[in-house]
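S.K.: Need the 3D shape of this:
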Amino acid sequence: MSEAKDARPKVYELLKSFSTAMFVTLGQDGLPVARPMHVAQIEEGTGDICFFTGVDGTLHDQVAEENRVLLLFQKDNSAFLSVRGTTRIEKDRTRIKELWKEIYKVWFLAGPEDPDVALLIVNPVEAEYWDNRGTNKVKYLFDAVTAYVTGETPDRVDPDLHAKTEL
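M.R.: Below you'll find the model as predicted:
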């Protein structure tokens with residue numbers, strides 16, 4: 001695995017290719033709880049990741065108690081991203097209206113004016129990715145075949161394929 005500061009642009013490139021994350025928090029029993037969440041926005045500059053949630057919901061209560069979260073992203077079998085970060089809850093109606101999409105009405109029938117609607121803003125702290133898209137897929141397949149033939153685990157030090165970085 002590669003660990004490099006120059007991996008940050010790659011993280012944000014990958015991040016923009018996902019529309020849904022598994023949003024992992026700690027439950028009251030201290031065990032992880034995961035649920036799929038639609039990404040409302042990735043903020044340019046800060047890299048903050050925005051989601052909609054309900055003020056009266058379990059997710060809201062869990063991040064109010066423990067704001068460290070894990071986001072897991074996957075696209076087919078070719079791109080994977082894990083993001084650790086801290087979360088804050090935002091109830092700014094103007095901001096909620098800016099990010100609102102009609103699909104959210106499934107969960108919030110009263111629309112963006114619904115007093116139960118809030119934003120969860122995740123500030124990414126660390127990320128790790130595995131990218132087997134495009135030409136990386138060829139590199140990965142070559143490494144896998146070589147490992148199979150030689151009986152040796154591939155040395156994945158190519159930061160284009162895999163890296164861990166602070167954000």
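
S.K.: isn't there a helix covering Gln28?
M.R.: No: under DSSP: H, G, I helix; E, B strand; the rest coil, Gln28 sits outside any helix and is assigned coil.

S.K.: how far away is it from Ala64?
M.R.: 12 Å (C-beta to C-beta, to the nearest Å). All C-beta spots, glycine's among them, are computed from the backbone N, C-alpha and C.

S.K.: Please state the backbone phi and psi of Asp61?
M.R.: According to degrees, to the nearest 10, the main-chain angles of Asp61 amount to phi -60, psi -40.

S.K.: Could you count how many residues lie near it?
M.R.: Around Asp61 there are 13 other residues, counting by other C-beta atoms under 10 Å.

S.K.: Identify the residues contacting Gly27.
M.R.: 33, 62 (C-beta atoms under 8 Å, 6 or more residues apart in numbering).

S.K.: That one and Glu98: what is the separation?
M.R.: From Gly27 over to Glu98 (counting by C-beta to C-beta), the distance is 31 Å.

S.K.: same check, this time on Lys10
M.R.: 28 Å.

S.K.: So between the two, which is more surrounded?
M.R.: Higher neighbour count among Lys10 and Glu98: Lys10, with 19 against 13, using other C-beta under 10 Å.

S.K.: Give me the pLDDT for the more buried one.
M.R.: On pLDDT, Lys10 comes in at 91.

S.K.: likewise His60?
M.R.: In this model, His60 carries a pLDDT of 94.

S.K.: what residues are up against it?
M.R.: So His60 contacts 53-54, 89, 118, 120 (C-beta under 8 Å, 6+ apart).

S.K.: Is the residue nearest the centre of the chain in a helix, a strand, or coil?
M.R.: Centre of the chain computed as the mean C-alpha position; nearest residue by C-alpha atoms, centre = their mean is Leu71, 3.9 Å away. Secondary structure state of Leu71, per three-state DSSP, is strand.
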